[in-house]
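Participant: coordinates for the following, if possible.
(one chain, ligands or ions: 1)
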Amino acid sequence: MMGPAGVAWAALQLALLLLLPLALWHLVLRPRAVARSFARQGIRGPRYTFLAGSMPEAKRLVAAGRIGVPPLDAGCHDIIPLVLPQFHRWVAEYGKTFLFWIGPIPAILSLDLELIKQVLADRTGLFPKDFMIPVLKILFGNGVILINGDDWKRHRKVVLPAFNHDKLKSMTVVTSEVTDRMIQRWRNQIQQNGSHQTAEIDMNLAFCDLTEEIIGRVAFGTSQNHPEAREVVIAMREMQKLGTAATMDPPILWYLPTRRNLRVRHLDKLLKTKIMSIMQARVAARDAKCGYGDDLVGLLLEAWSPEQKGKGETLTTQEVIDEWKTFFAAGQETTATLLVWAMFLLSVHPQWQDKVREEVLQECGSGGDDGEVFNVEVLGKLKLLHMVLLETLRLYPPIEYIQRRAATDVVLKDISVPRGTVISIPIGMLHRDKDVWGPDADKFNPMRFQNGISRAAKDPKALLAFSLGPRACTGQSFSIMEAQVVMAMILSKFSFSLSPKYVHKPKYLLSLAPRSGMPLILRNIDR
Ligand code: HEM
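Facilitator: Coordinates of the predicted model:
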């Protein structure tokens, strides 16, 4: 008779025996069959290595890009070899559409805009967003950015009103107030520097704090002084860092209890407790007339509240927490990144800095004076500033690439793509396609947007910084408004140039960042 240990051992052996053919299929035979099928269609790419796919080669190319490539001249905007060195190399070697491997999962990357539009514009659920490394899944939770199908529709319906035109008006006021305080701090710094009349500020740090406070106030109704909100922000920042580091790991590590994965789980628990405590305070402060308030959290709590059950769109407690994390992660760093690169571009193109400042001073009048706030109507008149922001989003898009997954076997343009293939959309590379944007695609030329976004390139949908189609960015109007207010207020008070300490070597992980900060020299302007 076999003892319990013997039974367990036999069961384990049987399970392994059954799993072996499955593993052989997924890890060896299928990758070979998929590679052959793509090769027959003329699509090639880096070779598949057992379990790790193309990740070791990608990691090697990224490391070579980090160490081996010298910094660029500040006036050079040809940053793709630095920020996406693996894709840059593979395009040069295998052409505009190629196959690579995320572990055993096939992925195609394409610079064919028609193919990309087919994927992004789809409304039938053929290309869901169900591919994400687990650490990032924890970062965003089941928030609107990651979920699909009916759940996505339900969440999107709840959160969309948080960013409508009326709300933007009040957000403009908050953005002006928070920016005004930052400007005062900068002025004090200049004053303290005495005769120099300048101050060196790292825009990367400054905008990180600024956008954090703005999103905290407009979306979550919290302030920097709120101790729990502060702890949420710190934990989110660490999660973002850990998530970023995990993107280059071989997939097998994503699922193991590594130190990083355990830390992420710990932070996630901490976040849950803190967010729930802030939620409870908000519920306790509910007022019979205004309900939970009309910011993002108010809308989420309305959908979560017991009174809502059976009446319309509802959210569970976990879903409210996940949306909270999603909107912070999606909305803070992206806008900070846009501001950092807009300031950089205006520093290296001083004639544009002067032109935009002139426009701001002319259109905003007293709007630029201390304590005054900008209103949405005035922002509509700042055409040159808007063009500069669009050109910044084209050359330095905060999100350099996004991904979808084929839910079923599908034909993309004329390429047969098997179910489960990841489709990588390299926004930053598509923005530099000379066939679409013209021969000056690598140059800073805001004038290309003078007749609007749809006339800036050969294809009206060529600007993909906020993506397009049903899953386009929910916060785009808000982030453009925020960037306009911040830039207009800075331009009306200071002139700025690059510090000699600045090193032009952008890097991309979860967003496009300068490698060692963005130090600028600020001077008060005399008016
Ligand atoms: C310059 C700033 C921003 C840029 C460049 C940007 C870019 C993007 C991109 C490219 C996507 C599509 C992601 C994908 O398909 O995988 C996206 C989605 C999204 N963004 Fe933004 N974003 C910005 C600011 C914001 C802000 C301020 C918020 C909110 C406060 C926000 C909230 C979202 C949400 C919720 C989604 C998911 C939409 C959906 O799937 O239905 N974003 N964003």
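Participant: from now on I want contacts and neighbour counts done on CA atoms only, so please keep to that.
Facilitator: OK.
Participant: what is the neighbour count of the residue nearest to Arg123 when sequence neighbours are not counted?
Facilitator: In space, Arg123 comes closest to Pro470 once its chain neighbours are excluded; the distance is 6.7 Å by CA to CA, 6 or more residues apart in numbering. By other CA atoms under 10 Å, 11 other residues sit near Pro470.
Participant: hang on, isn't Pro470 packed against Gly125?
Facilitator: No. Applying CA atoms under 8 Å as the test, Pro470 and Gly125 come out as separate, 10.3 Å apart.
Participant: list the residues that contact the residue nearest the centre of the chain.
Facilitator: Central residue of the chain (CA atoms, centre = their mean): Ile399, 4.5 Å from the mean position. Listed by CA atoms under 8 Å, 6 or more residues apart in numbering, the contact set of Ile399 reads Thr334, Ile427, Gly428, Ala465, Leu510, Ser511, Leu512.
Participant: and those, which is closest to the ligand?
Facilitator: Thr334 (4.3 Å; CA to the nearest ligand atom).
Participant: so how far is Leu491 from the residue lying closest to the closest one once chain neighbours are set aside?
Facilitator: Closest residue to Thr334 apart from its sequence neighbours, by CA to CA, 6+ apart: Pro398 at 5.5 Å. Counting by CA to CA, to the nearest Å, the gap from Pro398 to Leu491 is 22 Å.
Participant: more crowded one of those two?
Facilitator: Pro398 (27 against 24).
Participant: secondary structure class for that one?
Facilitator: Under DSSP: H, G, I helix; E, B strand; the rest coil, Pro398 falls in the coil class.
Participant: can you offset everything so residue one is 34?
Facilitator: Got it, first residue is 34 now, which makes that one Pro431.
Participant: does it touch Leu545 like I think?
Facilitator: Yes. Contact status for Pro431 versus Leu545: in contact at 5.0 Å, counting by CA under 8 Å.
Participant: what residues do these two have in common as contacts?
Facilitator: Joint contacts of Pro431 and Leu545 (CA under 8 Å, 6+ apart) are Thr370.
Participant: surely Lys534 is in a strand?
Facilitator: No. With three-state DSSP as the criterion, Lys534 is assigned coil and is not in a strand.
Participant: roughly how far apart are it and Gly136?
Facilitator: From Lys534 to Gly136 the distance is 40 Å (CA to CA).
Participant: neighbour count winner among those two?
Facilitator: Legend: neighbour count by other CA under 10 Å for Lys534 and Gly136, higher for Gly136 (22 against 11).
Participant: tell me the contacts of the more buried one?
Facilitator: Going by CA under 8 Å, 6+ apart, Gly136 touches Phe83, Leu84, Ala85, Gly86, Ser87, Met88, Pro283, Pro284, Ile285.
Participant: hmm, 10 Å instead?
Facilitator: 60, 64, 81-89, 282-285 (CA atoms under 10 Å, 6 or more residues apart in numbering).
Participant: repeat for Val381
Facilitator: Ala107, Gly108, Cys109, Phe477, Phe529, Ser530, Leu531.
Participant: which SS class is the fourth one?
Facilitator: For Phe477, the secondary structure call by three-state DSSP comes out as coil.
Participant: in the protein, which helix is the longest?
Facilitator: Longest helix in the chain by number of residues (criterion: DSSP state H): helix 350-381.
Participant: pull up the residues of this protein that are close to the ligand.
Facilitator: 177-178, 360, 363-364, 367-368, 371, 430-432, 435-436, 498-500, 504-509, 511-512 (CA under 6 Å from any ligand atom).
Participant: from those residues, list just the buried residues.
Facilitator: 177-178, 360, 364, 367-368, 371, 430-432, 436, 498-500, 504, 506-509, 511-512 (16 or more other CA atoms under 10 Å).
Participant: for Val536, which non-adjacent residue is spatially closest?
Facilitator: Closest residue to Val536 apart from its sequence neighbours, by CA to CA, 6+ apart: Pro104 at 6.4 Å.
Participant: report the buried members of the contacts of Val381.
Facilitator: Phe477, Phe529, Ser530, Leu531.
Participant: for these, which one is nearest Ala252?
Facilitator: Here the nearest of the buried ones among the contacts of Val381 to Ala252, counting by CA to CA, is Phe529; it sits at 30.6 Å.
Participant: could I get the buried ones among the contacts of Val381 as TSV with secondary structure and pLDDT?
Facilitator: Shown next, in TSV, are the buried ones among the contacts of Val381 (DSSP: H, G, I helix; E, B strand; the rest coil; pLDDT from 0 to 100):
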residue	secondary structure	pLDDT
Phe477	coil	97
Phe529	strand	97
Ser530	strand	97
Leu531	strand	97
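Participant: tell me which two in these are the farthest apart.
Facilitator: Phe477 and Phe529 (17.9 Å).
Participant: I'd say Leu238 and Pro552 touch.
Facilitator: Yes. If you go by CA atoms under 10 Å, Leu238 and Pro552 touch, sitting 9.4 Å apart.
Participant: compare neighbour counts for those two and give me the winner.
Facilitator: The neighbour comparison of Leu238 against Pro552 (other CA under 10 Å) goes to Pro552, with 23 against 14.
Participant: OK, contacts around the more buried one?
Facilitator: Pro552 touches 232-238, 373, 377, 530-536, counting by CA under 10 Å, 6+ apart.
Participant: what does the average pLDDT come to for stretch 87-99?
Facilitator: In this model, stretch 87-99 has an average pLDDT of 86.
Participant: which other residues reach it?
Facilitator: Contacts for stretch 87-99 (CA under 10 Å, 6+ apart): 78-82, 100-102, 114-123, 132-140, 280-284, 538-541, 548.
Participant: report the distance from it to the chain centre.
Facilitator: Centre-to-centre, stretch 87-99 and its host chain are 22 Å apart (CA atoms, centre = their mean, to the nearest Å).
Participant: got it, and stretch 270-285?
Facilitator: 15 Å.
Participant: what do you get for stretch 499-519?
Facilitator: Centroid displacement of stretch 499-519 relative to its chain, using CA atoms, centre = their mean, is 11 Å.
Participant: how long is that stretch from one end to the other?
Facilitator: End-to-end distance for stretch 499-519: 20 Å, by CA to CA.
Participant: so the helix or strand Leu555 falls within versus helix 350-381, what angle?
Facilitator: Using DSSP states H and E, Leu555 sits in strand 552-557. Calculated by axes from the mean of the first three to the mean of the last three CA atoms, to 10 degrees, strand 552-557 forms an angle of 70 degrees with helix 350-381.
Participant: mind listing the strands strand 552-557 pairs with, and their directions?
Facilitator: Its sheet considered, strand 552-557 pairs with strand 231-235 (antiparallel), strand 527-531 (antiparallel) by DSSP bridges.
Participant: which stretches of the stretch 334-483 of the chain form strands?
Facilitator: Counting by DSSP state E, counting those that start in this stretch, the stretch 334-483 of the chain has strands at residues 435-438, 443-445, 448-450, 455-458.
Participant: and those strands, which is most packed in?
Facilitator: strand 455-458 (a mean of 24; mean count of other CA atoms under 10 Å).
Participant: and that one, what does it pack onto?
Facilitator: Applying 3 or more CA pairs under 10 Å, 6 or more residues apart in numbering; DSSP states H and E, we find strand 455-458 packed against strand 130-135, strand 138-143, helix 146-154, strand 435-438.
Participant: export those as a markdown table, with columns for mean pLDDT.
Facilitator: As requested, these are exported to a markdown table (pLDDT from 0 to 100):
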| stretch | mean pLDDT |
| --- | --- |
| strand 130-135 | 95 |
| strand 138-143 | 96 |
| helix 146-154 | 97 |
| strand 435-438 | 94 |
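Participant: tell me which of those sits nearest to Glu261.
Facilitator: strand 435-438 (32.0 Å).
Participant: neighbouring strands - and their directions - for that closest one?
Facilitator: Strand pairing for strand 435-438, determined by DSSP bridges: strand 455-458 (antiparallel).
Participant: residues in contact with the strand it pairs with?
Facilitator: For strand 455-458, contacts defined as CA under 10 Å, 6+ apart pick out 132-135, 138-146, 148-150, 152-153, 160-164, 433-440, 450, 497, 500.
Participant: quick check: mean pLDDT of that strand?
Facilitator: Strand 455-458 shows a mean pLDDT of 96.
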